[in-house]
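S.K.: Okay, here's the prediction I keep looking at, along with the sequence it came from:
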Amino acid sequence: MSIGNPVVVGYVPTPQGAATLARGIVEARHRDALLLVVFPKPDGGSVVVDGVEVDEAMDPVARLLQDSGVRFGVRPLTAGGSVPEDVVSIAAEVDADLGTGLRNRTPVGKLILGSNAQRILLGATCPVLAVKAQ
């Protein structure tokens with residue numbers, strides 16, 4: 001199998017973020033691709049993962065990535081930037097497939113998705129994998 005395009009996952013520490021990350025690991029493994037995890041910049045204490053400073057809350061994520069057996073990188077979101085715009089921009093920059101999380105919504109809310117997920121789905125120029133937490 002040839003090495004695939006990177007898989008980009010926008011991660012936040014929520015059940016949806018965890019589901020998205022888990023699916024991103026599966027996709028990266030299946031495609032023999034780099035998994036690039038995009039996350040909010042740290043506010044408090046931090047640790048260094050893959051040469052990048054991340055919030056201590058990300059430490060379990062870092063361990064999961066290191067134990068997953070997939071090649072991975074981490075990228076913080078830009079300060080003051082828009083999460084969907086950053087994720088779409090990074091995905092385009094690395095010519096990636098893209099994974100993103102969706103949260104459970106009311107029946108009406110399901111029609112319009114979450115605003116960030118909707119903006120990523122509509123703004124991405126690459127394939128998008130929408131992941132829903134169970």
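M.R.: Nice, I can see it.

S.K.: Pull up the pairing partners for the helix or strand containing V131, direction included.
M.R.: Per DSSP states H and E: V131 is located in strand 128-132. Strand 128-132 pairs in its sheet with strand 97-102 (parallel), by DSSP bridges.

S.K.: For D67, see how far away V88 is.
M.R.: Remark: distance between V88 and D67 (Cβ to Cβ, to the nearest Å) = 29 Å. For glycine as for every other residue, the C-beta is placed from the backbone atoms N, C-alpha and C.

S.K.: do V38 as well
M.R.: With the distance defined as Cβ to Cβ, V38 ends up 20 Å from D67.

S.K.: who's more crowded, the two?
M.R.: Using other Cβ atoms under 10 Å, the more surrounded residue of V38 and D67 is V38, with 22 against 9.

S.K.: Run through the residues that contact that one.
M.R.: V8, V9, G10, Y11, V74, R75, P76, L77, D86, V87, I90 (Cβ atoms under 8 Å, 6 or more residues apart in numbering).

S.K.: Could you list the buried residues of whichever strand or helix holds the first one?
M.R.: Which is V8. Element membership for V8 (DSSP H and E) is strand 7-10. Using 16 or more other Cβ atoms under 10 Å as the test for burial, strand 7-10 gives V7, V8, V9, G10.

S.K.: Mind giving me the packing neighbours of the helix or strand following that strand?
M.R.: Per DSSP H and E, the first helix or strand lying C-terminal to strand 7-10 is helix 15-31. With contacts defined as 3 or more Cβ pairs under 8 Å, 6 or more residues apart in numbering; DSSP states H and E, helix 15-31 has these neighbours: strand 7-10, strand 35-39, helix 59-68, strand 97-102, strand 128-132.
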